[in-house]
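Peer 1: A structural model of the following input is requested.
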Amino acid sequence: MNKVLLVGLSVSFALFLGRVSGFLRDVIVASSFGISLNADMIILLLTIPDIVVNILVGGAIGLVLIPRFKGHNFDDRSALYIQALLISFFVFLAISFFISFFPTTLLSLLSPGIVNVVSEDFLQSLNFVLYSIPLIVMSGVTTAFLNSNDKFFVAALGTLIFNAVVILFIIFYFYFDSYFGVINSVLMYVSMAVIVAASIRFLLLFYYSRPDSFHLSSVLRTDLVDKELAKQYSFCVLGCVATLSFPILIRAYISLDGEGYLAISSFAMKLVDLPLGVVLTVFSIVFFPKLSETLEPLRFSNTFTNVTCIIIAISIVITLISYNCSTFIVELVYGRGSFTQEDINTVAMFFKVFSFSLGLQGLISFIIAAFAAKRDNSTPLWILAINIVICIVSIYLLELSSINALIAMNIGYLSIAISLLVVLNFKHYVKFSIVGKGNLIMLSTAFFTSVLYNFTFSYQDFSFVWVSIFTVIYISLNLIPLLQYGVPGLYTRLVRE
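Peer 2: As a prediction, the model looks like this:
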């Protein structure tokens, strides 16, 4: 149990630091610019490279390369790593160069609500920041290699490194440029910060991947990157694109409501990304390499079921806390500087609705990882594509409000999760019916304590102190069965395998 718990906690801690640094970055932007066009443009410069990478790559690199890395000895694994780095650099450098000729078109896809009001300075800065894309993709390849070697903690520090560099650049701008006035454009300055941060992140991760043990002759090998790898990668890219583009398309739709709505939706989604990235996706990161090695169907089903039950139990708790404490959380994170009380209430309303997608996103991420461990990346693609297209088309045809669009997105996530579970059961015989006593106790505790927690907030407005006390009790009651049945159950299955 100690090994699993230590790995999980270390990865969660590293991811937590990365997400908190992302929060700090957004808090600086929010407190300096509030809900405004300038805030929209800076957020786009900070996020567009990652969005483009998610659209073109998503999590496909890890889902495809980790099973391959696990199937090779160290020399072949290292050779594949070098080839993947070189291919990624040249391919995505060419893609970045091509996209830089069409900044307005890119902006129309990602944020149509402000495409007609942005400045020429922003478009030039956007062209410049696009060249961070090859570095981001190469960091993804390096992260996959580190995870395949069980170096989860180092790999998870990537986001922290990136955000820390960006924050230092922003602090320098606001606290030093006001005296010296050497920076003419904050937008171009932010673009430069993104490129420097992406470079430092890749170089540090590459250093810890032991580059001294690689041989240049590995570049010339032709037996590692084959047609099957390219085929699986293509399916995986499209599937990840579908998953990651869903909230992006929703955000683009919300931006049509006018200036500031892009920032509102971004701030709300960032609050959801913290528990999603720090807690729920940790299971996919830590257990995907183990699932890739597990061939015996019963063991695969047992591990999958146990992890899924833990994700569901944790999701219930986090969702209820996010929903009932939405205003407190938003005020704590963003309630300063140019952020008004009206802004806080608006972001809290978006966050409250969006929080219901938390557990569903974490569950979908793990189920897709299970498909990838079975070397089946095409099936999730079709399930995702069909559900997302139906949802997006329905939102546009019905001309839903921003809040109703978020509700429709949650329904879409629910449909995707159910479809993936059913198909995984029938196609790959991964049985979800073997729940077991420990998982039943864990899920029952989460359900009944959540009913009481929600009932408490339904009839009384409490101060921040009482909210904190009730929340700590709520979390503690659910930690007891989780630590007694959840983690030991995972540990037992790992030891058997």
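
Peer 1: pLDDT wise, what is the residue nearest to residue 315 when sequence neighbours are not counted at?
Peer 2: In space, and not counting its chain neighbours, residue 315 is closest to residue 359: 2.4 Å by CB to CB, 6 or more residues apart in numbering. C-betas here are computed from N, CA, C, even on glycine. Per-residue confidence at residue 359 stands at 87 (pLDDT).

Peer 1: What helix or strand is residue 359 located in?
Peer 2: Assigned by DSSP states H and E, residue 359 falls within helix 358-373.

Peer 1: Where does pLDDT dip in the stretch 101-250 of the chain?
Peer 2: Filtered on pLDDT under 70, the stretch 101-250 of the chain yields the residue ranges 113, 175-184, 211-224.

Peer 1: repeat for the stretch 351-497 of the chain
Peer 2: 432-434, 458-462, 464, 485-497.

Peer 1: do that again at 80, thanks
Peer 2: Low-confidence segments of the stretch 351-497 of the chain (pLDDT under 80): 375, 377, 431-438, 456-468, 479-497.

Peer 1: In it, mark out all the strands, start to finish.
Peer 2: Along the stretch 351-497 of the chain, no stretch is classed among the strands by DSSP state E, counting those that start in this stretch.

Peer 1: Tell me which residues touch residue 62, please.
Peer 2: If you count contacts by CB atoms under 8 Å, 6 or more residues apart in numbering, residue 62 has them with 140, 143-144, 147, 288.

Peer 1: ok, 10 Å please
Peer 2: Residues in contact with residue 62 (CB atoms under 10 Å, 6 or more residues apart in numbering) are 69, 140-141, 143-145, 147-148, 155, 236, 240, 284-285, 288-289, 369, 372.

Peer 1: Now do it against residue 266, distance only.
Peer 2: Per CB to CB, to the nearest Å, residue 62 is found 25 Å from residue 266.

Peer 1: Excluding sequence neighbours, find me the nearest residue to residue 193.
Peer 2: The nearest residue in space to residue 193 (CB to CB, 6+ apart) is residue 169, at 3.5 Å.

Peer 1: do you know how far residue 395 is from residue 232?
Peer 2: For residue 395, the distance to residue 232 - CB to CB - is 31 Å.

Peer 1: isn't the residue nearest to residue 193 right up against residue 162?
Peer 2: No. Residue 169 is beyond contact range of residue 162, at 11.2 Å (criterion: CB atoms under 10 Å).

Peer 1: Can you point out the buried residues in the helix or strand residue 303 falls within?
Peer 2: Assigned by DSSP H and E, residue 303 belongs to helix 297-324. Neighbour counts over helix 297-324 (16 or more other CB atoms under 10 Å) mark 299-324 as buried.

Peer 1: Stretch 121-141 now?
Peer 2: For stretch 121-141, using 16+ other CB under 10 Å, the buried residues are 122-123, 125-141.

Peer 1: likewise stretch 423-440?
Peer 2: 423-424, 428, 430, 438-439.

Peer 1: Would you mind pulling the contact partners of that stretch?
Peer 2: 297-298, 300-306, 308-310, 312-313, 367-368, 370-371, 373-374, 376, 379-380, 382-383, 421-422, 442-443, 481-482, 484-486, 488-489.

Peer 1: redo that, cut-off 8 Å
Peer 2: 297, 300-302, 304-306, 308-309, 367, 370-371, 374, 376, 379, 383, 421, 443, 481, 484-486, 488-489.

Peer 1: which residues sit in contact with the residue nearest in space to the middle of the chain?
Peer 2: What sits nearest the mean C-alpha location of the chain, by CA atoms, centre = their mean, is residue 277, with 5.4 Å. Neighbouring residues of residue 277 by CB under 8 Å, 6+ apart: 15, 18-19, 159.
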